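A.B. asks: give me coordinates for this.
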Amino acid sequence: MPQFQTWEEFSRAAEKLYLADPMRARVVLKYRHSDGSLCIKVTDDLVCLVYRTDQAQDVKKIEKFHSQLMRLMVAKESRSVAMETD
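C.D. replies: Okay, here's the model as predicted:
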């Protein structure tokens, strides 16, 4: 299970994984209060991508990325449209 060190690498890999097969992709967010860390995991049962952070600025990036994925998941239009990144 590869754990990414930079947010940019993780977000690109997770986006590719989701767009490859949207029906199999899952996203899990996990917060541990004891050490103040947030973990996001994107998987399709074959590949599992993980990013962990305890930095406040990364939490905002994760929140934005997660909401973009949720919008893609509920969109009625073609699911092959690439996500916009800022």
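A.B. asks: now the helices for the protein?
C.D. replies: For the chain, the helices defined by DSSP state H occupy 7-20, 56-74.
A.B. asks: among the ones you listed, which is nearest L38?
C.D. replies: Among these, the nearest to L38 by CB to CB is helix 56-74 (5.7 Å). Where C-beta positions appear, they are placed from N, C-alpha and C, glycine not excepted.
A.B. asks: least confident of the helices of the chain, on average?
C.D. replies: When these are ranked by mean pLDDT, helix 56-74 comes last with a mean of 88.
A.B. asks: now for it, which elements pack on it?
C.D. replies: Using 3 or more CB pairs under 8 Å, 6 or more residues apart in numbering; DSSP states H and E as the contact test, the elements touching helix 56-74 are helix 7-20, strand 26-32, strand 37-43, strand 48-53.
A.B. asks: still on that earlier bit, so of the helices of the chain, which one's packed in deepest?
C.D. replies: Ranked by mean neighbour count under mean count of other CB atoms under 10 Å, the helices of the chain are led by helix 7-20, which reaches a mean of 17.
A.B. asks: by how many degrees do that helix and strand 48-53 diverge?
C.D. replies: Between helix 7-20 and strand 48-53, the angle comes out at 150 degrees (axes from the mean of the first three to the mean of the last three CA atoms, to 10 degrees).
A.B. asks: check contacts around T53.
C.D. replies: For T53, the contact set (CB atoms under 8 Å, 6 or more residues apart in numbering) comprises W7, S37, L38, V59, I62.
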